[in-house]
Each structure stands twice: as structure tokens, then as C-alpha cells.
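**Student:** Here's my sequence, what's the structure:
(chains A, B, C and D)
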4 protein chains.
Amino acid sequence: MSVSDADKLITSDDQDHPANLIPALCAKFWTLGWVTGTGGGCSIRDDDLVYLAPSGVQKELMKPADIYVLSLSAQDPTQPQQRSYLRSPPSYRPSQCTPLFLAAFTRRGAGCCIHTHSQWAVLVTLLLEQHEEANRNVFEVNNIEQIKGFGRGPGKAGNLGYHDTLRIPVIENTPHEEDLTEYLEEAMEAYPDTYAVLVRRHGVYVWGDNVHKAKTQCESLDYLFQLAVEMKKLGIPWISDIPRIAADRT
Amino acid sequence: MSVSDADKLITSDDQDHPANLIPALCAKFWTLGWVTGTGGGCSIRDDDLVYLAPSGVQKELMKPADIYVLSLSAQDPTQPQQRSYLRSPPSYRPSQCTPLFLAAFTRRGAGCCIHTHSQWAVLVTLLLEQHEEANRNVFEVNNIEQIKGFGRGPGKAGNLGYHDTLRIPVIENTPHEEDLTEYLEEAMEAYPDTYAVLVRRHGVYVWGDNVHKAKTQCESLDYLFQLAVEMKKLGIPWISDIPRIAADRT
Amino acid sequence: MSVSDADKLITSDDQDHPANLIPALCAKFWTLGWVTGTGGGCSIRDDDLVYLAPSGVQKELMKPADIYVLSLSAQDPTQPQQRSYLRSPPSYRPSQCTPLFLAAFTRRGAGCCIHTHSQWAVLVTLLLEQHEEANRNVFEVNNIEQIKGFGRGPGKAGNLGYHDTLRIPVIENTPHEEDLTEYLEEAMEAYPDTYAVLVRRHGVYVWGDNVHKAKTQCESLDYLFQLAVEMKKLGIPWISDIPRIAADRT
Amino acid sequence: MSVSDADKLITSDDQDHPANLIPALCAKFWTLGWVTGTGGGCSIRDDDLVYLAPSGVQKELMKPADIYVLSLSAQDPTQPQQRSYLRSPPSYRPSQCTPLFLAAFTRRGAGCCIHTHSQWAVLVTLLLEQHEEANRNVFEVNNIEQIKGFGRGPGKAGNLGYHDTLRIPVIENTPHEEDLTEYLEEAMEAYPDTYAVLVRRHGVYVWGDNVHKAKTQCESLDYLFQLAVEMKKLGIPWISDIPRIAADRT
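**Tutor:** Numbers count the residues shown, from 1 in each chain, chains lettered A, B, ... in the order given. Okay, the predicted model is just below:
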């Protein structure tokens, strides 16, 4: 594939093309404090093609020309550390987040995965360290309307309800981000319905069937993390037992 | 009515046309954290016509083409769950907030109703849960200048004064947003002067005679909710008894 | 003066013309949370002409056509409540802040006066209520670099130093904003060097010799109010006694 | 050098030219609360040429025409207080930050230096005052992912690791900013690997080999300062001893 053919993969007038969407989303995420100082990132899968932000870029300044593209089916499963790219930007390195994004695509069929360093996510994992051993590795909150922003799980119809408990597993951080992959995959196995995994003292990975769902779930989750931190400051527990005043519907 | 006639209802070069105003307002509300992750919304009534945002859209990306339009007088009062629309967007569902917005229009004659998931609103309702039973269902604050941003009530002249107590009723949340309608209407009956109803662990509905009043009352209320949370953190009571140093005027 | 002559007073291509600056400043202040829900405002004096925002407008939407203009020298000093305007917008009322802005212009020779409802200002006045009687009516902070953002006082050369104590008097709020005028003027007399007066449970008035100084002093003051609230949360006193490690210069 | 030749130094169509970058960066920093009320600033070195913002400007309004330019090699080392400029704006004074920026350029070979008055930086230095004498003069945090945003030090390959302790020295503030220079230089000597120095009750100086590194390190540091303040509010220590679950790599 010639260089110019490769560049066609990231060239489009359609603002919803992944190579245009990733920079637009990252710029928005920067204003939310999610991708400060080159941290965090975003990847979109369009069928077999995966679009990835590179390592170490200022996220609010990203351009389509900075995007990596790879074919999921062209990767050698026996060499997970060796990835081949259909298109690479001239002067960057691939992001260490790449295998984690790929896990969301291959294991969950996600269409988009977002990684933030949101302080609210980090603070929630720090607050969980103060819990008893048995409760340190999962964030739980119930009886908050915003919980309804999450799907019930892959292959399940509908979203969580107001009285449901949202559970987001927490994995420990590793010195190298790539090494998180096995723990992320374990958490996906242990929590088959989750659309997100918290990384202790680091941030969160959130995915969804498409860009819309990944982005709105990521927003809803960040909202809940911020709320949870404020609740802790005000002495309000994350899990409550409140009366149900109306029925669920089917 | 042909499709193109229907689309005329949401097509205008006037930036103050409801179909243009709703997306502009929602984009602004998104930056304020009021409509995170598709939560919240906004509806405008122009005489008999009601313009509504659809369910599940990213509020900062809304377009006039996403707007529903219905005729208030054309709705069948014996079938409150069945609503007919003059104009529907091709690929969305109506918002579950619709009957709550309609309650503000039909029972209060409001010209605009805003629903936010503001964390300050949610935190205020959570803090009220810590109060005694008798005081859990109304937010009260007095002796704050911003209280003057609220009208005294429908059909009453002028705004609340600095020393007045602003009272916002709180209703419990239901699994389905539509089911809030009867409780919202009860709260409107019980608090005939209120321009807003808090929904526990969910957010707030705020309305006004027109877009200007609904929007500025919603801002003033969110300001007071945020202030109230900060006051709680600092040990400052919401209700105070302070000397009056100058007279009211007539 | 014909209507069109009057409108010339607020028509200019110069972005630094007061009729253009006031809307631009107010829009910026709205994003800072200073003029939420039509609260707060801004006035600029150019020699004898005073430009004023009207009452009750959404500050981020203001236009030059919304501006009032009056001549300072044309006002009747025996009728302080009766003001005559060279130019009035067609559909607004003058702001109740007007006599307070005029006090800054006539008594201090200010070129610009800003009024905010900043929550940090309000919280500082609330925290001062918890102080002993003798210390409730002045905000004091020292040994913070940002203090250097304030002039030493009218007619005095240079700015406050790092080790100086910034003192901002606090007046009690009145039901009608106009009635604050006498108290504001008293505070100006009692604190002849101050460029600002806090209004309890309401906000702050800040002025300066020109727009640049009023705006940067208002920003620096809001910074100090926010810092003071955070210091209180963290148990850090506003007034400290720290060693001086280098000399002042002359 | 004629005036017009001097102005060529700050005239370019390249948005990455230092005279264009400094205003763009300062405008961005203003929205982050780093350069409130003319505080803070930014300087860029391009080989022997140093570009500097002037004193006392509103940072979000800066223009290329406001920029000072000097030649590092043309300065007289025996007269550190006397600096000669290749280009000066017509109506400003040089910033008191100038010798501190120059220290980063001459002693560290930095390509960019940023000075913020971020409240998070100030609060961290205030919180450190509450520590024992021996621990008051250095901010330390470990086991947070964002630490990886910092290089190991000048001439050292790679960045800090997740489990490393980031150490930022704190110097006491002086009445005149220029007088900080000797203390900043001492701190650079004492902490040869640091890319930043906190100034008590004032802010922080952060530098890097180029604009990208200075800016992203400054963002990462501000993130850590904010996180540290929130951790303090929530009773979470800045230094922790947590298990290592995966190896470092070489």
C-alpha cells in the first residue's frame, strides 16, 4: 500500500469519519479535564478497521494526520505485542493504550473505547482503598437517575434502572500501560455486563457499541464519579436502601 | 400534513425560533454540566405549539431537525399516555420528559421548561435526606440576593425579595420518568407559587413564562443549589435570621 | 437629541468602545459565573459619559443596543433618585446598580465598575459572619502573591506588596439594591484606599481607574475569595505571620 | 536595528512561531485559571532568541506585538539586572519573571518556561506549611499514573515511572519577583532532575526542553496539585506504599 493510499484512510470530508471524530472528541475531552498533559485517549472501530490516537500528543491539538489505522483481522494472535498498521503518522509512536482498546473491540465488539485520566475516576479508586479488603475492587452506586445512562450489558436489551446497582470493577495499575491488558481482560470476564473498568490511581476505560454510546456512557460515568466524591465529602453513602414508589415496566 | 409541511415547523432563519433556540440552549446547558450523557432537556411552548428535544441525543450536538412538535389542544385528555405529533424526527423516540414539560405548560401556562441533571440539584436532595422527616421534601433558603431571581408566583406581581424564603418542593424519583408526572403535578398543587420541582437523586424541573424567565430562573436556582452545597461543607445554615437594615418598597 | 443621534452614542466599529466592551466583558463574566441569571453587571465611564447595562438581561447575550448612556454632569445632585439618560434602549429598565456604579465614578474617579454575584464573594461574607463581631465587616488576607494585583489606593503610587494585608470592607445587603448606595459610600469613606466593597450574601463591587484595572482587580479579588474559601476548608488561616526573606524595594 | 527590523522578530504567519504561540498559550492558560488578573506568564527560547510576555497584560488578550525579544548571548553576565532587548513593545515594561525564565533557559537549556498562579499550586504550598519543618520545602507524591508525564531529568532518558516519587522543591516567596531568582537557582542545584519549582503562596515555574514538554508537564503538574488538594480533603496521603503487580521494563 503506497503512502498516499494509506493516507486515504484518514482523509475524509465527513465530520463523522473516525479520523475526524477522534480529534474532535479528544479536543472536547481536554476541556473536561479527561486527557490532561497527553494522558488518556480514544479509539474508534469501523468494522475491521481501528483508528487510534498516537502516544504523547496534546489531545486538544490532534489532527486527522496523527491517526494510526490497523486491521483487526490482520493482527497475528500469536504475537499480541507485535501489531502491524495500515497507516502510521510519520513522527509518532503507537499509544500504549492500543492493546486495551483492542480488548474492548475484540472481546466486547465495542465500536469505540475512551480512556480518561479524570481526577474523579482516580479519586474514586483512592477512596475505595479505604474500604475493607472485600470491597476495594469494585465501585458500586445505586438509586441515582444517571445510572440509567448505562446498558444492561452486551446482548442484553435496555438500560440499567434507577434502583439498580451500577458496578464498575477496579484493577490495580501497572508500571507499563500495556501490562494492564491481562487485568482488564480478567475484569471483563469477571464482570461480563460492564462497559467500563477503573484503573487504580490512573483513570478509567469506557467503551460502547458505537461512538455515541461510548461517549455518553463515559460522560455519565464521570458524572457519577464526581457525584460520588462529593457525596463522600458530605457523608452520604454511595449505596442506599430507599423505598420504591413506582413499579418498573417491561 | 405532508412531511415537508411538517418540517416547515422546525425550519426558520430566526435564531429565536424554538427549533433553533432549543439546540442552542442545550449546547449551553451541556457546558454547564446540566445535560451530561443525554440527561436532561428543554421544551418551548409557542401558543398552542410545543417544541421538544428527543430522547437520548447528545445535547451539545442537537440540530433543529431533531425536534418534535405537537399541538397542545390536539392531545386527547382521556389518553394522556398517547400523544400525537405534528412533526417527528425520522430516527428518534419522544423524550420521557414530555408529560412533565406538558404539565408545566398546561397547569402553569409556562412558555419554557428546562430539566437538568445538575449535580448541585442532586446533592441538595441528598443532603435533605439527612434532615428530619418533616423537612426532607422541600429545599428552603433565605437571605441570599440571588433569591430575587424568582417570580413571586403565577399571577403575582414582582419577584421574591432578599429576605424572603425560596421554597422548592422535592418529589421522590420513579423508575420511569413519565411516572413522575403525577407527583410533579401534586407538588405544583401543594406549592402553587413555585417555578421548580426537585426530583430526589435525579435533578430538577424549572419553568417560566417564557424562555428568558425559565433560563434565568434555572441559572439562579442552580447557583443557589451550588451555594447551598458549599454552605453545608462550611457549616453555614441555609436558613438564617439576620437583621433587616432597610425597608422593602412597594 | 434625536433617537438616531442618541444611538450614535452606542454605535462604533472600535471594539474598545464602551458600548462594545460592556457586552464583551459581560459575556466573559458569564462564563466565570459572575453574572448568573441576569445578576451582576458592568459600567464604563468615558470622561463625562457613563455607559450602563440595563436591568434583567441575560449577560452573555447583551448587545450594544441594550446600553444606557448618561452624562454625569447633567445629573441633578438634589435628585439622586431621578436620573436622566442621553440614550435608553427601547424595552428595558435602568439597572438598580446604577447609583452604586455612579458612586465609584464620582467619589473615586473610577473609569469602570464591575458588580459580580460570584459565589466565592458570597461565601467569604458568609464565613465572616462566623467571626467575632469586631471582625465580621472586613475581609483580610496577607502573604499571598495575588495581593500585588491591587493598587495601594487612589492617588497613591504602586501596588500592594506580598506581605501587605488586603482589606475589603463588607456592607450588609438591603432589600433594594439602590439602598446599598449610602452604605457603599460609607465604606468608601471608612476605607479610602479600597477598590472594592463586598455586599453580604450578595456579591462584590470592584472598580478601577480604567477597564483594564477594574477587570484585572476583579479577577484577582475573585481569585483571592476562592482561595480563601478553599483555605477555610483546609484549615489554613487567611492572616499569617511568616518570615520576610527579602527586602521591599523603593 | 531599525524598528521595522525589530518587529520582523515578532511577525510570522506560522502559528508555531514563538510570537504567535505565546499569546495562544496564554489565552489557553487564562481559561485554566493559571494567569488570572495579569498574573503568571510564558516564555519561549528559540536557539539564542528568547520571546517574553510583558508585565501587566491581560493574558487572554495578548498579541504578538506585545512580545519582547532578547538575545541570550548578548546579555552582560556581570550585569544580570540590566537586560538589553532586540525588540520591545511600545508601551509596556518587561516582566519581573524575566530573570526566572532566563534561569530555566541558561541553567537547564529549557526551550520554554511557564509560570502560573494556579490556586492548586498555592494550596499545595500552604498545605506543606502544616508539615513538619523537614518536609515543608518539597512536594512529594507517588503511585499516581500522571507522574509518568515528567522526564527523569535533564540528560536522562525516559520519564518517571508510576511507582516513582515526583519531587518538586518549594522556595519561599519574596516581595519582588526578580529576587526569587537566586532561590530558584538554588533549588535547581539542589534538585538537579526537577522540571519545576513551587513558590510558596505564589505559584509555580515549570519548564521543558520545548513548548510541548513544558506545556504538558505544566498540565500534568497542575493535575497532580489539584488531585493532592482533593486527596487532603478526603484524608488520602500523598505518599503511599502499595504492592507492585508488574515489573518495570528497560
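
**Student:** Now do the longest helix that chain A contains: distance to the chain's middle.
**Tutor:** Ranked by residue count and defined by DSSP state H, the top helix of chain A is helix A:211-233. Taking C-alpha atoms, centre = their mean, to the nearest Å, one finds the center of helix A:211-233 at 12 Å from the center of the full chain.

**Student:** After the helix or strand hosting A:Ile114, which helix or strand is next?
**Tutor:** For A:Ile114, the element it lies in under DSSP states H and E is strand A:112-116. For strand A:112-116, the following helix or strand on the C-terminal side (DSSP H and E) is helix A:119-129.

**Student:** Which strands or helices does that next one pack on?
**Tutor:** strand A:138-142, strand A:196-199, strand A:203-208, helix A:211-233, helix D:211-233 (3 or more C-beta pairs under 8 Å, 6 or more residues apart in numbering or on different chains; DSSP states H and E). Every C-beta, even on glycine, is put in place using the N, C-alpha and C of the backbone.

**Student:** coming back round to it: is the longest helix of chain A in proximity to chain B?
**Tutor:** Yes. Counting by C-beta under 8 Å from any C-beta of the partner chain, chain B has neighbours in helix A:211-233: A:212, A:215-220, A:222-223, A:226-227, A:230-231, A:233.

**Student:** just the angle between that helix and helix B:119-129, please?
**Tutor:** 40 degrees (axes from the mean of the first three to the mean of the last three C-alpha atoms, to 10 degrees).

**Student:** Report the angle between helix A:211-233 and strand A:112-116.
**Tutor:** Counting by the same axes, to 10 degrees, helix A:211-233 lies at 30 degrees to strand A:112-116.

**Student:** what about the helices and strands packed on helix A:119-129, which gets the closest to D:Ala247?
**Tutor:** strand A:196-199 (17.4 Å; C-beta to C-beta).

**Student:** who's in contact with that closest one?
**Tutor:** Residues outside strand A:196-199 that contact it (C-beta atoms under 8 Å, 6 or more residues apart in numbering or on different chains) are A:121, A:124-125, A:139, A:168-173, A:180, A:184, A:187-188, A:191, A:204-207, A:217-218, A:221, D:145.

**Student:** Kindly report the same for stretch A:236-246.
**Tutor:** Applying C-beta under 8 Å, 6+ apart, the contact partners of stretch A:236-246 are A:139-143, A:163, A:165, A:228, A:231-232, B:123, B:126-127, B:129-130, B:172, B:174-176, B:179, B:183, B:201.

**Student:** What distance do you get for the nearest residue to A:Thr216 once chain neighbours are set aside to A:Gly208?
**Tutor:** Nearest residue to A:Thr216, sequence neighbours excluded (C-beta to C-beta, 6 or more residues apart in numbering or on different chains): B:Gly37, at 4.4 Å. Relative to A:Gly208, B:Gly37 is positioned 11 Å away (C-beta to C-beta, to the nearest Å).

**Student:** between those two, what contacts are shared?
**Tutor:** A:Thr216, A:Gln217.

**Student:** Domain-wise, how is chain A divided?
**Tutor:** Recorded structural domains for chain A (assignment: the TED database) are A:1-95, A:118-238.

**Student:** how far does the first one sit from the chain's center?
**Tutor:** Distance, stretch centre to chain centre, for domain A:1-95: 15 Å (C-alpha atoms, centre = their mean).

**Student:** Report the mean confidence score over that domain.
**Tutor:** Mean pLDDT, domain A:1-95: 94.

**Student:** give me the element the residue lying farthest from the centre of chain A is part of.
**Tutor:** Distance from the C-alpha centroid of chain A, by C-alpha atoms, centre = their mean, peaks at A:Ile245 (34.1 Å). Assigned by DSSP H and E, A:Ile245 falls within no helix or strand.

**Student:** Check the gap between it and B:Asn173 for me.
**Tutor:** Applying C-beta to C-beta, the value for A:Ile245 to B:Asn173 is 8 Å.

**Student:** give me every residue that touches the spatially most central residue of chain A.
**Tutor:** Residue closest to the average C-alpha location in chain A (C-alpha atoms, centre = their mean): A:Val206, at 2.3 Å. Counting by C-beta under 8 Å, 6+ apart, A:Val206 touches A:Cys113, A:Ile114, A:His115, A:Thr116, A:Tyr195, A:Ala196, A:Ala214, A:Gln217, A:Cys218, A:Leu221.

**Student:** How about the fourth one, nearest residue that isn't a chain neighbour?
**Tutor:** It stands for A:Thr116. Nearest one to A:Thr116, counting by C-beta to C-beta, 6+ apart, is A:Trp34 at 3.6 Å.

**Student:** helix/strand/coil for that neighbour?
**Tutor:** Here A:Trp34 is recorded as coil under DSSP: H, G, I helix; E, B strand; the rest coil.

**Student:** how near is A:Pro18 to chain C?
**Tutor:** 31 Å (C-beta to the nearest C-beta, to the nearest Å).

**Student:** which ones are touching the residue in chain A positioned nearest to chain C?
**Tutor:** Taking C-beta to the nearest C-beta as the measure, chain A has A:Lys233 as its residue closest to chain C, at 9.2 Å. Residues near A:Lys233 by C-beta under 8 Å, 6+ apart: B:Lys233, D:Lys233, D:Leu234.

**Student:** of all the residues in chain A, which ones are close to chain D?
**Tutor:** With C-beta under 8 Å from any C-beta as the criterion, chain A meets chain D at residues A:33, A:36-39, A:58, A:117, A:119, A:122-123, A:126-127, A:129-130, A:172-176, A:179, A:183, A:199, A:201-203, A:229, A:232-233.
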